[in-house]
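[1] Quick one, structure for this:
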Amino acid sequence: MADEKSVRNAPDLLSRAIAQFLQLIRGEFKLAQAELSEILSRASAGLIMLSLAIILLLVALNTLATALVGLVAAAGLSLGMAGIAVSAGLIVIAIALGFLGKSRISPNALKPNRTLDNLKDDLDVMKGEWHD
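    The predicted structure follows:
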């Protein structure tokens, strides 16, 4: 008698298992979408910082050229040394922004770690349920 009841409940159990699996997949896709949105936001900030670093480097090179011209034209150190000091400061800022921007768009920073961890956990749970 119990075997007949189990056989009758099998389609219902299979239907529920499939529904739970689909719900799990939908949840994982929502998590992946949220995490990818966050990653794209960080990458965008990194690209903006790299762009600013390039702009500052161009300004620094321009200032260095101006300072060199000032050094040659004035043959005195005050005008030229001021230009060199400003250029050196801009170069330091550009380097710092460049490294910061690069770290924001590194492959490791762009990897969806939470989604991958959740998928691994879900696979482990599913493996355990199928083997029981």
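[2] Rounded mean pLDDT for the longest helix along the chain, please.
    Criterion DSSP state H: the longest helix present in the chain is helix 2-74. For helix 2-74, the mean per-residue pLDDT is 81.
[3] just checking, next helix/strand downstream of that helix?
    Once the chain leaves helix 2-74, the next helix or strand it forms, by DSSP states H and E, is helix 77-104.
[4] Tell me what angle that next one forms with helix 2-74.
    Relative orientation of helix 77-104 versus helix 2-74 (axes from the mean of the first three to the mean of the last three C-alpha atoms, to 10 degrees): 170 degrees.
[5] Off-centre distance for the longest helix of the chain?
    5 Å (C-alpha atoms, centre = their mean, to the nearest Å).
[6] just stretch 111-126 next, same as before
    18 Å.
[7] and the longest helix of the chain, what other elements does it pack with?
    Helices and strands touching helix 2-74, by 3 or more C-beta pairs under 8 Å, 6 or more residues apart in numbering; DSSP states H and E, are helix 77-104, helix 113-131. Quick note: C-beta positions are derived from backbone N, CA and C, even for glycine.
[8] Quick one: mean pLDDT over the first one.
    So the one you mean is helix 77-104. Mean per-residue pLDDT for helix 77-104: 79.
[9] Which residue comes closest to R114 once chain neighbours are left out?
    Nearest non-adjacent residue to R114, counting by C-beta to C-beta, 6 or more residues apart in numbering: E35, 5.6 Å away.
[10] quick revisit: specify the angle between the longest helix of the chain and helix 113-131 in degrees.
    On the basis of the same axes, to 10 degrees, helix 2-74 is oriented at 160 degrees to helix 113-131.
[11] circling back to that earlier point, dump the helices and strands packed on helix 2-74 to a markdown table, plus mean neighbour count and distance to R42.
    Putting these into a markdown table (neighbours: other C-beta atoms under 10 Å; distance: least, C-beta to C-beta, whole Å) gives the following:
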| stretch | mean neighbour count | distance to R42 |
| --- | --- | --- |
| helix 77-104 | 16 | 5 |
| helix 113-131 | 11 | 13 |
